[in-house]
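Student: Provided below are the primary sequence and the corresponding predicted coordinates.
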Amino acid sequence: MPDLRSSQLKAATEQEGAKSSAARDAVLDLKARIGKSVLGQDHLVESMLIGLLANGNLLIESLPGLAKTRAVKTLAKNLAADLSRVQFTPDLLPSDVTGAEIYLQTEKGGQFQFQKGPIFANLVLADEINRAPAKVQSALLEAMEERQVTVAGKTYKMPDLFMVLATENPIEQEGTYPLPEAQLDRFLMHVVITYPDEATEGEIIKLNRAENARKPEAGAAEPPPVPQQAVLDARGELDGIFVSDLAQKYIVDLIYATRFPGRYGEPLSKWIQIGASPRGSLAIDRCARARAWLDGQDFVTPDHIRAVIHDCLRHRLILSYEAVSQGISPDQVIDKITELVAAA
């Protein structure tokens, strides 16, 4: 009997290991597929995958033309997921996002029926989210936080695989409505992307030229999209990523440095007006575990924490007037925090 139990335990362990390998292979394959179409934006691609694995929402900020929309579309194309795109404009209504009840005349008489809006998709691209007024922006809050929408007293659940990817352009201020801090805090990460380097710029030109010249071949089949279950399995595996007491203390120390910057003297004490909420520490924990999982490690290191801290905190810090007047950015503040706070 002991031999039989040992064999069963070994088989179960091997099966679990195969499942873990299959989920990671599928996600890494998804990353490779996106990388072939979205050049020079490796950080954006990794951030989208971390957002998927950590079951969070992303705010993507960049100048126009840096492949934000292309990256999201490529993700949806290579993942078995529905994509909805909402172009936010000043005249948009909350019901244009969530949906509304409409009156229908049937054989049994008139009745109201809920018609779902574009929010009911696996991936929701909220394009230029800061162009819509606050009442429309807030229509996303319940869906992002509670994974549900309430209309006319009825609650409608979102799909298991659900992520909002909101974009904004930092250079245009006229006709925009800045996102309030309460809504910014609902985003797991705030990703800032910049121009590609010179070599990548040339590769982008070649890729665009090849795509324009390419003709669909008869009978040519593209590889099947990565199933949603691979992402859901991967999420389950994140719970098994080990976070030591020292790594957890490092996360807490980083967060508390934003709340009590006076402990670290100047200039940090003069730069921060309001620090990160507990959502900040939860975001770092979730994203660091996802980062470790993507790296094929089963434990979180300080390097994993430092790799995600900027995206997790840059939208959760409110800087002082002095810092803003000096041109100090949230990233510079976070750099100073990681410099002053030692990893145990």
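Tutor: Thanks, I have it.
Student: what backbone torsions are found at the closest residue to Pro267 other than its chain neighbours?
Tutor: Of all residues beyond its chain neighbours, the one nearest Pro267 is Lys336 (7.3 Å), with distances taken as CB to CB, 6 or more residues apart in numbering. Where you see a C-beta, it was placed from the backbone N, CA and C, and this is true even at glycine. Here is the backbone geometry of Lys336 (degrees, to the nearest 10): phi -70, psi -40.
Student: neighbours of Lys336, how many?
Tutor: In terms of burial, Lys336 registers 18 neighbours under the definition other CB atoms under 10 Å.
Student: residues contacting it?
Tutor: For Lys336, the set of contacting residues under the criterion of CB atoms under 8 Å, 6 or more residues apart in numbering consists of Pro267, Leu268, Trp271.
Student: care to break this protein down by domain?
Tutor: Per automatic domain parsing, the structural domains of the chain span 34-92+119-206, 240-340.
Student: off-centre distance for the host helix or strand of Ala143?
Tutor: The secondary structure element spanning Ala143 is helix 139-146 (assigned by DSSP states H and E). Taking the mean of its C-alpha atoms, helix 139-146 sits 14 Å from the chain's own mean (CA atoms, centre = their mean, to the nearest Å).
Student: repeat for stretch 120-134
Tutor: The gap between the average C-alpha position of stretch 120-134 and the chain average comes to 13 Å, counting by CA atoms, centre = their mean.
Student: same check, this time on stretch 288-303
Tutor: Shown here is stretch 288-303, whose average C-alpha point lies 17 Å from the average C-alpha point of the whole chain (CA atoms, centre = their mean).
Student: which parts of it are buried?
Tutor: Ala288, Arg289, Ala290, Arg291, Ala292, Trp293, Leu294, Val300, Thr301, Pro302 (16 or more other CB atoms under 10 Å).
Student: and for stretch 42-55?
Tutor: For stretch 42-55, the neighbour count (16+ other CB under 10 Å) marks Leu44, Val45, Glu46, Ser47, Met48, Leu49, Ile50, Gly51, Leu52, Leu53, Ala54, Asn55 as buried.
Student: circling back: from the buried residues of stretch 288-303, which land in strands?
Tutor: Where the buried residues of stretch 288-303 are compared with strands, as defined by DSSP state E, there is no overlap at all.
Student: any chance of these in TSV, plus distance to Leu123?
Tutor: As requested, the buried residues of stretch 288-303 are exported to TSV (distance: CB to CB, whole Å):
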residue	distance to Leu123
Ala288	23
Arg289	22
Ala290	17
Arg291	21
Ala292	24
Trp293	20
Leu294	19
Val300	27
Thr301	30
Pro302	32
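Student: low-scoring stretches of the stretch 51-200 of the chain, by residue?
Tutor: Applying pLDDT under 70 to the stretch 51-200 of the chain flags the ranges 172-173, 175.
Student: what's the first helix or strand after the helix or strand containing Asp233?
Tutor: Under the assignment given by DSSP H and E, the secondary-structure element containing Asp233 is helix 228-238. Scanning forward in sequence from helix 228-238, with DSSP H and E defining helices and strands, the next element found is helix 245-259.
Student: quick one: mean pLDDT over that next one.
Tutor: Helix 245-259 comes out with an average pLDDT of 96.
Student: picking up where we left off before, and the helix holding Ala143, what's buried?
Tutor: Buried, per 16+ other CB under 10 Å, within helix 139-146: Ala139, Leu140, Glu142, Ala143, Met144.
Student: between those, which is nearest Arg70?
Tutor: Using CB to CB, the shortest approach to Arg70 within these belongs to Leu140, at 22.1 Å.
Student: how about the closest one: what's its closest non-neighbour residue?
Tutor: Spatial nearest neighbour of Leu140, chain neighbours left out: Val164 (6.1 Å); criterion: CB to CB, 6+ apart.
Student: swap in Val136?
Tutor: In space, and not counting its chain neighbours, Val136 is closest to Leu92: 4.9 Å by CB to CB, 6+ apart.
Student: so who does the one you found touch?
Tutor: With the criterion set at CB under 8 Å, 6+ apart, Leu92 makes contact with Val86, Ala132, Val136.
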